[in-house]
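# Please find the sequence and the predicted model below.
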Amino acid sequence: MTDTKEGDTGRLVEFLQDRDTPCPLCGYNLRNLTDDVCPECSQNLCLTIGVHNVRFGWFLATVTPSLFSGIAAVLILIFILAALVTGAGLAPPVILILALFGFASGVVALVLIIRRHRFIQLRPRVQRIWAIMAFGIHATLLLGLFLLVLAAL
Ligand SMILES: [Zn+2]
């Protein structure tokens, strides 16, 4: 096996032999190219392996509750600040704790989005467990909040 540039160029030239393939940069037809440089735009070319239809389902299911919590925390913060400015006083501790949880969850969402490639590399079974945990934690908290509101009425 050769991992040299010459070997890579040879495989590229072999791939493009008798095959209509547009340059990814300028669209020039690279059919029967004899070097690893596009004759039209002079860009160096390489042969790579890509992935079709990456499955983001479990990632979206995991990140959505956290993202929603982060956005809700920002809205709650606006109400907390409005109450302070208007002289209504500090929000009850349960609201402050809720806002804190929302911010922490929002940070988790941002970390997940930044490191999404590592999440996608996990086995689907592990991704599913993360999604179920994220949904379970947020649904439980939402249900608890709903019960608190009902009890306060
Ligand atoms: Zn080109």
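Yep, it's here.
# Pull up the gap between the residue most central in space within the chain and the ion, please.
Geometric centre of the chain, nearest residue: I113, 3.4 Å, by C-alpha atoms, centre = their mean. For I113, the distance to the ion equals 33 Å [C-beta to the ion, to the nearest Å]. In this view, the C-beta of every residue, glycine as well, is placed from N, C-alpha and C.
# Could you pick out the residues of this protein near the ion for me?
Within the chain, the positions near the ion by C-beta under 5 Å from the ion are 23, 25-26, 28, 38, 40-41.
# rewinding a little: look at the nearest residue to the residue nearest to the centre of the chain once chain neighbours are set aside and give its secondary structure.
For I113, ignoring the flanking residues on the chain, the nearest one in space by C-beta to C-beta, 6 or more residues apart in numbering is V63 at 6.3 Å. Here V63 is recorded as helix under DSSP: H, G, I helix; E, B strand; the rest coil.
# Count the neighbours of V63 for me.
By other C-beta atoms under 10 Å, the residues close to V63 number 22.
# isn't it right next to V111, touching?
No: using C-beta atoms under 8 Å, V63 makes no contact with V111, being 9.7 Å away.
# Just confirm L45 contacts T34, I think it does.
No: taking C-beta under 8 Å as the definition, L45 is not a contact partner of T34, at 11.8 Å.
# just checking, the residue nearest to the centre of the chain is part of a strand?
No: counting by three-state DSSP, I113 is not part of a strand but helix.
# Neighbours of A139, how many?
Neighbourhood size, A139 [other C-beta under 10 Å]: 11.
# gap between it and the ion?
Distance of A139 to the ion, computed by C-beta to the ion: 51 Å.
# now G50
Counting by C-beta to the ion - G50 and the ion are separated by 18 Å.
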